[in-house]
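*Asks:* please find the sequence and the predicted model below.
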Amino acid sequence: MIGRLNHIAIAVPDLAVAAAKYRDQLGASVGAPQALPEHGVTVVFVDTGNTKVELLEPLGEASPIAAFLEKNPAGGMHHVCFEVPDLSAAIARLTAEGARILGDGKPRIGAHGRPVIFLHPKDFFGTLIELEEV
């Protein structure tokens, strides 16, 4: 069902500082910040050639990233994102097998302009998984 790894997301307390570190110290190609109010985050994508690193900063106090950073003030890995060819089929299969989809269970548009869902980390060994339709 899952395809290639699309990105690894890292929550950071300061997006500008994190982007500069990846760009200046690691020599990475870093995109422009993108606000995603419907997800409560501002993101920057770091291109690594074979995948991406998504740096996440909270956008507002109600952001799920704000809650994550309260527990992990220095930041840390937040989720991994896998590509799927048919998100509706993936949702049907996962829910039939007992996996929980976060939120209302319906896809939302993600940072790449494609439908995404998030799977409950307790169902996947403590790892939050995002599925993105490609």
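*Replies:* Alright, I've got the coordinates.
*Asks:* confirm that Ala9 sits in a strand.
*Replies:* Yes. Assigned with DSSP: H, G, I helix; E, B strand; the rest coil, Ala9 falls within a strand.
*Asks:* what is the neighbour count of it?
*Replies:* 23 (other Cβ atoms under 10 Å). Where you see a C-beta, it was placed from the backbone N, CA and C, and this is true even at glycine.
*Asks:* and it, how far is that from Ala99?
*Replies:* As judged by Cβ to Cβ, to the nearest Å, Ala9 and Ala99 stand 19 Å apart.
*Asks:* which SSE is immediately downstream of the longest strand belonging to the chain?
*Replies:* When the chain is parsed with DSSP state E, its longest strand is strand 76-84. Next helix or strand after strand 76-84 toward the C-terminus (DSSP states H and E): helix 87-96.
*Asks:* related to what we said a few turns ago, run the chain-centre distance for the longest strand of the chain.
*Replies:* 5 Å (Cα atoms, centre = their mean, to the nearest Å).
*Asks:* what average pLDDT does it get?
*Replies:* On average, the pLDDT along strand 76-84 is 98.
*Asks:* in that strand, what's buried?
*Replies:* His78, His79, Val80, Cys81, Phe82, Glu83, Val84 (16 or more other Cβ atoms under 10 Å).
*Asks:* in this structure the first one contacts Thr127, no?
*Replies:* Spelled out, that is His78. No. Between His78 and Thr127 there is no contact under Cβ atoms under 8 Å: 9.8 Å.
*Asks:* list the residues that contact both of those two?
*Replies:* Shared contacts of His78 and Thr127, defined by Cβ atoms under 8 Å, 6 or more residues apart in numbering, are absent.
*Asks:* show me where this protein has helices.
*Replies:* 15-20, 64-71, 87-96 (DSSP state H).
*Asks:* closest to Thr42 out of the ones you listed?
*Replies:* helix 15-20 (5.8 Å; Cβ to Cβ).
*Asks:* what's the closest one in contact with?
*Replies:* Contacting residues not belonging to helix 15-20 are listed as Ile10, Val12, Val30, Pro33, Thr42, Val43, Val44, Val46, Leu55, Leu56, Glu57, Gly75 [Cβ under 8 Å, 6+ apart].
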